[in-house]
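K.L.:
Next comes the sequence, and after it the predicted model I'd like to discuss.
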Amino acid sequence: MLDRKFIVSHAEAVKENCLRRGATCDIDRLVRLEAERAERLQAAQELNRLANEVSQSIGKATDDADRQSRIAKGRELREQKEAAQKAHDELDAEITDLIRHLPNMTHPDAPLGGEDDAVEVAVGKTAVRKFDFKPKDHLELGQLHDLFDFEAGARVAGAGFYFLKNAAVRLDLALQHFAVTFLSDRGFTPVTTPDLALTEILHGTGFMPRGPETQIYSIENTELNLVATAEITLGGMMAGQTLDSAEMPLRLCGLSHCFRTEAGAAGRASKGLYRVHQFTKVEMFAFTTPEQSDAVHEEMRSLECELFDTLGVPYRVIDTAAGDLGGPAYRKYDLEAWMPGRGDSGQWGEVTSTSNCTDYQARRLNIRSKSAGQKGTQFVHTLNGTAIATGRAMIAVLENYQNADGSITVPEVLRPLMGTDLLVPRAS
RNA sequence: GGAUGGGUGGCCGAGCGGUUUAAGGCACCGGUCUUGAAAACCGGCGUAGUCGAAAGGCUACCGUGGGUUCAAAUCCCACCCCAUCCGCCA
């Protein structure tokens, strides 16, 4: 959520930003409503002040008649105050609703345009491999090694759910373990998080459950929702808190399941594990001061690179264009891994994403920071970044590390965790 | 899930319809004193909104949300959380 005063004082910039990000909002109307709200607020406060004065004078009334007349005056003032307050509250609700739909401002260096205008800013250390055989996709490899059961997943929970089996389970755990260990060693406090969160927390992080196009599963008759990412719970962890600036940046890495309805995604390239309703993810999250957030964003990007370099998976990094940013993001980098089995002859597929949300989430979640010896507080900045989403990482590993005979070499860093160097196809 | 007791400023803790401007203490910050420190004494000590050029006002906030009243930390209702005991349970 943007700051009201900021919107009013930078109306043109906000308008332009909305245009760039493909959001529609009548900023002029918003500015008018806000001016009117401020007037009503002042009126209500003034009436309340007068009413308080009268109330306080009642104890000093000299006789009963005097007392009764003061009570009558007080009652009248309270009624007027209530009316003014109600007018204010209605405007306030309307304004909040409008503001809630405004996207964050955009980093000046973020590319302009939409989905196709992302700029490639780096490539990984691992070269895209030239196969001297026709590489299989992860589903074919899964068949050879008995790794997945999508049919059973569909029987149990519907299309988009799946069972991992055999080496896939060990690979899933190994990837989680690798990511958690890697980040723990680099100053991130590992946490496991709830897989459900209150609607209010979803709103605070910029997710909109219960809309027609929602990506979120909700639990009927409750305020609970299955989380789409640990970003929700990690951000919510500090909701309403005031953090000590000296302790920041506060770095966390959270392990959670992620649930997504993928509404509207039908028909898009989504074979196998690529686009599913549930997966497991190790997520980085940071609370920083405003001064720190750009640097921490670069740090997260470089950690994501290091993770995939260490895994030996080829990837490229793209700087997402303004029109393709989600609401809360000020800037976003995606890592796209090379997936040899995707499309006709391999394609890049998004495996991680890191966003600097500046104070957009912190304002809704009311997360502030305070410096010793300084008066007042400020909203913190929040950042998130995927370390490893095991489903998509698994696709990249399986497809890139396959051999002509159908066996799969285990990436070196995962060997101690998997207990083997090579996955051999089951006897058919 | 049942019973009981609780949720008040950074912390402890009083207040239980209007002399509260939330007492008092601890912690913290500034000062006096001191060679320095401690002690003692004096002063300060929350967050947000709002008005003001500033000084400084004003408004809201005593777990949360409603209600009663001219007036609520205080009375009423609902809910949440914590503690202890019991039950259940991985």
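P.N.:
Cool, the structure landed. Predicted model, so just to flag it, every value in this text is computed and none were measured.
K.L.:
Residue ranges in chain A under the pLDDT threshold?
P.N.:
The model of chain A has pLDDT under 70 over residues A:60-62, A:264-270, A:428.
K.L.:
need the residues of it near RNA strand B, please.
P.N.:
A:5, A:38, A:41-42, A:45-46, A:48-49, A:51-52, A:54-56, A:58-59, A:71, A:74-75, A:77-78, A:368, A:370, A:375-377 (C-beta under 7 Å from any atom of the strand). Using the backbone N, CA and C atoms, a C-beta is placed for each residue, glycine as well.
K.L.:
Does residue A:287 lie in a helix or a strand, and which?
P.N.:
Element membership for residue A:287 (DSSP states H and E) is strand A:278-288.
K.L.:
Tell me which strands that strand pairs with, and in which orientation.
P.N.:
strand A:250-259 (antiparallel), strand A:381-389 (antiparallel) (DSSP bridges).
K.L.:
Extract the CA atoms of the first one and return them as CSV.
P.N.:
Read that as strand A:250-259. In CSV, the C-alpha atoms belonging to strand A:250-259 read as follows (Å, rounded to 0.1, in the frame of the first residue of the first chain):
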residue,chain,number,x,y,z
LEU,A,250,16.8,-9.2,9.7
ARG,A,251,17.3,-12.2,7.4
LEU,A,252,15.0,-15.3,7.5
CYS,A,253,14.7,-18.4,5.4
GLY,A,254,11.4,-20.2,5.7
LEU,A,255,10.4,-23.6,4.6
SER,A,256,6.8,-24.1,3.7
HIS,A,257,4.4,-25.8,1.4
CYS,A,258,2.9,-23.5,-1.3
PHE,A,259,-0.6,-23.9,-2.6
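K.L.:
Spit out the contact partners of residue A:142.
P.N.:
Going by C-beta atoms under 8 Å, 6 or more residues apart in numbering, residue A:142 touches A:148, A:168, A:272, A:398.
K.L.:
Endpoint to endpoint, stretch A:14-28 covers what distance?
P.N.:
10 Å (C-alpha to C-alpha, to the nearest Å).
K.L.:
Which residues belonging to it are considered buried?
P.N.:
Residues A:14-15, A:17-18, A:20-21, A:25, A:27 are the ones in stretch A:14-28 that count as buried (16 or more other C-beta atoms under 10 Å).
K.L.:
One more: stretch A:364-377?
P.N.:
By 16+ other C-beta under 10 Å, the buried positions in stretch A:364-377 come out as A:364-365, A:367-369.
K.L.:
Of the residues of chain A next to RNA strand B, which belong to strands?
P.N.:
Among the residues of chain A next to RNA strand B, the residues falling in strands (DSSP state E) are A:368, A:370.
K.L.:
Quick one: buried ones out of the residues of chain A next to RNA strand B?
P.N.:
Among those, the ones that count as buried by 16+ other C-beta under 10 Å are A:41, A:48, A:51, A:54, A:74, A:77-78, A:368.
K.L.:
Most proximal residue of the stretch 251-400 of chain A with respect to RNA strand B?
P.N.:
residue A:377 (3.7 Å; C-beta to the nearest atom of the strand).
K.L.:
Settle this for me: that residue is touching residue A:367, isn't it.
P.N.:
No: counting by C-beta atoms under 8 Å, residue A:377 does not reach residue A:367; the two are 9.8 Å apart.
K.L.:
Common neighbours of the two, please.
P.N.:
Jointly contacting residue A:377 and residue A:367 under the rule C-beta under 8 Å, 6+ apart are residue A:242.
K.L.:
who's in contact with the residue in the stretch 51-200 of chain A that RNA strand B sits nearest to?
P.N.:
Per C-beta to the nearest atom of the strand, residue A:74 is where the stretch 51-200 of chain A lies closest to RNA strand B, at 2.9 Å. Going by C-beta under 8 Å, 6+ apart, residue A:74 touches A:51, A:54-55, A:58.
K.L.:
For residue A:88, see how far away the residue lying closest to it once chain neighbours are set aside is.
P.N.:
Nearest non-adjacent residue to residue A:74, counting by C-beta to C-beta, 6 or more residues apart in numbering: residue A:54, 4.2 Å away. Counting by C-beta to C-beta, to the nearest Å, the gap from residue A:54 to residue A:88 is 21 Å.
K.L.:
farthest pair in the contacts of residue A:142?
P.N.:
For the contacts of residue A:142, the farthest-apart pair by C-beta to C-beta is A:168 and A:272; their separation is 11.4 Å.
K.L.:
What sits closest to the residue nearest to the spatial centre of chain A if chain neighbours are left out?
P.N.:
The centre of chain A sits closest to residue A:231, judged by C-alpha atoms, centre = their mean, with a distance of 4.8 Å. Closest residue to residue A:231 apart from its sequence neighbours, by C-beta to C-beta, 6+ apart: residue A:384 at 4.2 Å.
K.L.:
same check, this time on residue A:280
P.N.:
Using C-beta to C-beta, 6+ apart and skipping the chain neighbours, the partner closest in space to residue A:280 is residue A:390 (4.7 Å).
K.L.:
Correct me if wrong: the one you found contacts residue A:172.
P.N.:
Yes: between residue A:390 and residue A:172 there is a contact at 4.8 Å, judged by C-beta under 8 Å.
K.L.:
So which of these two has more stuff around it?
P.N.:
Between residue A:390 and residue A:172, residue A:390 has the larger neighbour count (other C-beta atoms under 10 Å), namely 23 against 19.
K.L.:
State the distance from that one to residue A:231.
P.N.:
When residue A:390 is compared with residue A:231 (using C-beta to C-beta), they lie 16 Å apart.
K.L.:
show me the contacts for the residue in the stretch 101-250 of chain A positioned nearest to RNA strand B.
P.N.:
At 7.2 Å from RNA strand B, residue A:242 is the closest residue in the stretch 101-250 of chain A, using C-beta to the nearest atom of the strand. Taking C-beta under 8 Å, 6+ apart, we find residue A:242 in contact with A:367-370, A:377.
K.L.:
ditto for residue A:33
P.N.:
The neighbourhood of residue A:33, defined by C-beta under 8 Å, 6+ apart, consists of A:91, A:94-95, A:98.
K.L.:
cutoff 10 Å now
P.N.:
Residues counted as contacts of residue A:33 (C-beta atoms under 10 Å, 6 or more residues apart in numbering) are A:26, A:91-92, A:94-95, A:98.
K.L.:
Would you map the strands across the stretch 1-150 of chain A?
P.N.:
A:119-123, A:148-149 (DSSP state E, counting those that start in this stretch).
K.L.:
Just put these in CSV and tack on mean neighbour count.
P.N.:
Shown next, in CSV, are the strands of the stretch 1-150 of chain A (neighbours: other C-beta atoms under 10 Å):
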stretch, mean neighbour count
strand A:119-123, 13
strand A:148-149, 19
